[in-house]
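Enquirer: Sequence and predicted structure below; questions after.
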Amino acid sequence: FYKFIFGSIFLLFLNTAYSQVFSVNTGATATQMAQELVGPGVQIISATYSGNASSKGIFTAPGTSLPMTNGVVLSSGLAASIAGAAALQASTNTNGPSNDADLNPLANGTTRDVSYLEFQFKAIGTEINFEFVFGSEEYPEYNCTGFNDVFGFFISGPGIVGKKNLALVPGTSIPVTINTINSGVPAGPLNLCTDYGAGSPFTAYYINNLSSTTIKYDGLTTSLIATQTVQSCEIYTLKLAIADVSDRIYDSGVFIKSNSFSSEVVTLDITS
């Protein structure tokens, strides 16, 4: 009887511990990552990845402080090092690419350790959507400073002039960065957060993660939605990119939810 009780408690402990772990398959290919994101109404045509091979992957995170349980992660550090208590530090120089032409303007600085997934797709409907979370070790010590780690979702194709960034603060044209979504407490005398426009920084979308035992990043955003009008069945390119800014330490990551990249599915209503 006592062995049964002890065994049951031990198994419960193992199941609980296992259910609160961030794990990532960094061996996933670009195509596998793109397909992991796909939901109804979207077809992937081709995909490529650029950056350190260990800075990306398909993750699972049940029971962690991350506000989604599975998806694709891109990091300016090592994706596997995201797992752990926030009291620890996620900070790695991956010697990844620098000076991404799309990210530099958003950061107002030089980008380092760039990591990006780029793919071509077709949508059945006239709008695409996907869900994402941004997290960083730069929070909260570097709020409103020049260490403004950044990411972007850049779409190009028919009806879009150049490349358009879809990673925006909800209801605005302001990009999501360390300086635009944070606790609202500047880390130094230069409050660079207000440079981005009215309302910045947007504290309502910030999660203080300092007490987490499962995700190292000290701060996260809430789950946000990227959306864009497209032309049905035309080919578009989407680039999901992230980078450190100014230096190569204190990692950041962006998490895109599995099967959330979707378009409305056309239905036929046959009437006589």
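Expert: Arrived safely.

Enquirer: How about Thr194, nearest residue that isn't a chain neighbour?
Expert: Ser200 (6.0 Å; Cβ to Cβ, 6 or more residues apart in numbering). C-beta here means a position set from N, CA and C on the backbone, and glycine is covered the same way.

Enquirer: Do I have it right that the one you found meets Ile174?
Expert: Yes: in this structure, Ser200 is within contact of Ile174 by Cβ atoms under 8 Å, at 6.0 Å.

Enquirer: overlap in contacts of those two?
Expert: Common neighbours of Ser200 and Ile174, using Cβ atoms under 8 Å, 6 or more residues apart in numbering, are Thr180.

Enquirer: Once you drop chain neighbours, what's closest to Val21?
Expert: Excluding its sequence neighbours, the residue lying closest to Val21 (Cβ to Cβ, 6+ apart) is Ala83, at 6.5 Å.

Enquirer: host element of the residue nearest to Thr194?
Expert: Assigned by DSSP states H and E, Ser200 belongs to neither a helix nor a strand.

Enquirer: separation between it and Asn182?
Expert: According to Cβ to Cβ, to the nearest Å, Ser200 stands 9 Å off from Asn182.

Enquirer: Which one of those two is surrounded by more residues?
Expert: Set side by side, Ser200 and Asn182 show more neighbours around Asn182, with 27 against 22, by other Cβ atoms under 10 Å.

Enquirer: Now do the SS call for the more buried one.
Expert: Assigned with DSSP: H, G, I helix; E, B strand; the rest coil, Asn182 falls in the coil class.

Enquirer: residues touching it, list them.
Expert: Contact analysis of Asn182 by Cβ under 8 Å, 6+ apart lists Tyr139, Pro140, Asn143, Cys144, Cys193, Pro201, Thr203, Tyr206, Gly219.

Enquirer: count of neighbours near the residue nearest to Tyr217 when sequence neighbours are not counted?
Expert: Of all residues not flanking Tyr217 in the chain, Gly135 sits nearest, at 3.7 Å (Cβ to Cβ, 6+ apart). Neighbour count for Gly135, taken as other Cβ under 10 Å: 28.

Enquirer: and Gly135, what does it touch?
Expert: Leu66, Ile82, Asn209, Ile215, Tyr217, Gly219, Leu220, Thr221, Ser252, Gly253, Val254, Phe255.

Enquirer: 7 Å instead, please
Expert: When contacts are counted by Cβ atoms under 7 Å, 6 or more residues apart in numbering, Gly135 touches Ile215, Tyr217, Gly219, Leu220, Ser252, Gly253.

Enquirer: How about Ile45?
Expert: Ile45 makes contact with Gln120, Phe121, Lys122, Ile235, according to Cβ under 7 Å, 6+ apart.

Enquirer: 6 Å instead?
Expert: Ile45 makes contact with Gln120, according to Cβ atoms under 6 Å, 6 or more residues apart in numbering.

Enquirer: in what helix or strand does it lie?
Expert: Ile45 belongs to strand 42-50, assigned by DSSP H and E.

Enquirer: Now that strand - C-alpha only, PDB.
Expert: The C-alpha trace of strand 42-50 is given here as PDB (Å, rounded to 0.1, in the frame of the first residue of the first chain):
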ATOM      1  CA  VAL A  42      -2.800  28.900 -46.300                       C
ATOM      2  CA  GLN A  43      -0.300  26.900 -48.500                       C
ATOM      3  CA  ILE A  44       3.400  27.100 -48.100                       C
ATOM      4  CA  ILE A  45       5.400  27.100 -51.300                       C
ATOM      5  CA  SER A  46       9.000  27.300 -50.200                       C
ATOM      6  CA  ALA A  47      11.000  28.300 -47.100                       C
ATOM      7  CA  THR A  48      14.600  29.200 -46.000                       C
ATOM      8  CA  TYR A  49      16.300  30.100 -42.800                       C
ATOM      9  CA  SER A  50      19.300  32.400 -42.000                       C
END
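
Enquirer: neighbouring strands for that strand, and are they parallel or not?
Expert: strand 111-123 (antiparallel) (DSSP bridges).

Enquirer: average pLDDT for the strand it pairs with?
Expert: The average pLDDT for strand 111-123 rounds to 94.

Enquirer: moving C-terminal of it, what's the next helix or strand?
Expert: strand 127-136.

Enquirer: Pull out the buried residues from that following strand.
Expert: Within strand 127-136, the residues scored as buried using 16 or more other Cβ atoms under 10 Å are Ile128, Asn129, Phe130, Glu131, Phe132, Val133, Phe134, Gly135, Ser136.

Enquirer: Perfect, I'm done here.
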